[in-house]
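Q: Quick one: sequence plus predicted model below, questions after.
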Amino acid sequence: MIDLEATPTSQISLLQSKSLTQLVQGEIERQILSGKLKAGERLNEVLLAQKLKVSRGPIREALRTLQEAGLVSFEKNRGTAVRVISPEEATDIYEVRASLESLACRRLAVRVTPPIVAELQGLTVEMETAVELHDVAAFHHLNIAFHERIMEHAGNRALAVTYRRLVGNLTLFRQRTLAIEGSLVESNQEHRAIVALLAAGEAGAAAALMQQHIEESSERTRLALKHPTTTEEESR
């Protein structure tokens, strides 16, 4: 991540401050959300410090913040690990997520512009390509971007912050969910329909379809959890 040996002396004091902790936190979070660090995997402070070329202090602070964000958990006598979310928790999170994204669509439909529509349509085209290539990982990242952009363009910062925290806890499930046969195509068809309704300014219909889309994602998650071996292999 950051090679302190190659860093000018004048910058080391700055990098050793809170900003370094934030960089470390961002990198660990990226590895969790990308699936590089998997649910249940133990997080060894010494090994993380060696890999990121920092001291254990920033690692410890970063893990504490990630614990507060719900991405890692601490257990006595076992240490810190990437959080494992139960199916019941995932269902609860999806229920709240559906409401948040429905609200985002309702807000966006009354303020949408041609450039925003073009951006969202472009993401659905890229997802279609990922489907054709059977590239689940690419679809996964584009899917995250699609929903993130809707939330950003909705124009409510509190809504976006709450959404990101919530969705971060679901990300470890998502590739498994999307890997179910046929679900990539189905998911992107829903995306296209949502964009069409947003472009038409149909706030109520867009909100309702997004609600349905997330509820169906929740159902796909429940199915994915019943087929862990197949989906994990396909998600790689």
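A: Happy to help now that I have it. Numbers count the residues shown, from 1 in each chain.

Q: Now do residue 56 against residue 63, distance only.
A: Taking Cβ to Cβ, to the nearest Å as the measure, residue 56 falls 10 Å from residue 63. Every residue, glycine included, has its C-beta placed from N, CA and C.

Q: scratch that, residue 116
A: Taking Cβ to Cβ, one finds residue 116 at 37 Å from residue 63.

Q: hmm, back to that, neighbour count winner among residue 56 and residue 63?
A: Neighbour count, other Cβ atoms under 10 Å: between residue 56 and residue 63, residue 63 has more, with 21 against 12.

Q: Which parts of this protein are helices?
A: 9-15, 18-34, 45-52, 56-68, 87-109, 114-132, 136-153, 157-168, 171-178, 183-199, 203-225, 228-235 (DSSP state H).

Q: Those helices into JSON lines, with extra columns for mean pLDDT?
A: JSON lines is the format used below for those (pLDDT from 0 to 100):
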{"stretch": "helix 9-15", "mean pLDDT": "46"}
{"stretch": "helix 18-34", "mean pLDDT": "84"}
{"stretch": "helix 45-52", "mean pLDDT": "93"}
{"stretch": "helix 56-68", "mean pLDDT": "92"}
{"stretch": "helix 87-109", "mean pLDDT": "92"}
{"stretch": "helix 114-132", "mean pLDDT": "97"}
{"stretch": "helix 136-153", "mean pLDDT": "91"}
{"stretch": "helix 157-168", "mean pLDDT": "88"}
{"stretch": "helix 171-178", "mean pLDDT": "57"}
{"stretch": "helix 183-199", "mean pLDDT": "94"}
{"stretch": "helix 203-225", "mean pLDDT": "86"}
{"stretch": "helix 228-235", "mean pLDDT": "39"}
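
Q: Looking at those helices, which is nearest to residue 77?
A: Set against residue 77 and scored by Cβ to Cβ, the helices of the chain come closest in helix 45-52, at 15.6 Å.

Q: name the helices or strands packed onto the closest one?
A: In terms of contacts (3 or more Cβ pairs under 8 Å, 6 or more residues apart in numbering; DSSP states H and E), helix 45-52 is packed against helix 18-34, helix 56-68.

Q: same thing but at 6 Å, please
A: helix 56-68 (3 or more Cβ pairs under 6 Å, 6 or more residues apart in numbering; DSSP states H and E).

Q: list the buried ones in the helix it packs on?
A: Residues 58, 59, 61, 62, 63, 65, 66 are the ones in helix 56-68 that count as buried (16 or more other Cβ atoms under 10 Å).

Q: Can you name the two of those residues that sit furthest apart?
A: Taking Cβ to Cβ as the measure, the buried residues of helix 56-68 have their most distant pair in 58 and 66, spaced 12.2 Å apart.

Q: Leaving aside the residues adjacent along the chain, what's closest to residue 104?
A: Once flanking residues are discounted, residue 104 sits nearest to residue 154: 3.9 Å by Cβ to Cβ, 6 or more residues apart in numbering.

Q: Any idea how many residues pack against that neighbour?
A: When neighbours are counted by other Cβ under 10 Å, residue 154 comes out with 22.

Q: Distance of it relative to residue 109?
A: Look at residue 154 and residue 109: by Cβ to Cβ, they are 9 Å apart.

Q: Also residue 21?
A: 39 Å.

Q: Figure out how far stretch 187-198 is from the centre of its chain.
A: Here the centre of stretch 187-198 is set off from its chain's centre by 19 Å, with Cα atoms, centre = their mean, to the nearest Å.

Q: then that stretch to PDB, C-alphas only?
A: What follows is stretch 187-198 as a C-alpha-only set of coordinates in PDB (Å, rounded to 0.1, in the frame of the first residue of the first chain):
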ATOM      1  CA  SER A 187     -31.200  -8.600 -12.600                       C
ATOM      2  CA  ASN A 188     -30.100  -6.500 -15.500                       C
ATOM      3  CA  GLN A 189     -33.600  -6.600 -17.100                       C
ATOM      4  CA  GLU A 190     -34.900  -5.000 -13.900                       C
ATOM      5  CA  HIS A 191     -32.100  -2.400 -14.100                       C
ATOM      6  CA  ARG A 192     -33.100  -1.400 -17.600                       C
ATOM      7  CA  ALA A 193     -36.800  -1.100 -16.600                       C
ATOM      8  CA  ILE A 194     -35.900   1.100 -13.600                       C
ATOM      9  CA  VAL A 195     -33.900   3.400 -15.800                       C
ATOM     10  CA  ALA A 196     -36.700   3.700 -18.300                       C
ATOM     11  CA  LEU A 197     -39.100   4.700 -15.600                       C
ATOM     12  CA  LEU A 198     -36.600   7.200 -14.200                       C
END
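
Q: Thanks a lot, catch you later.
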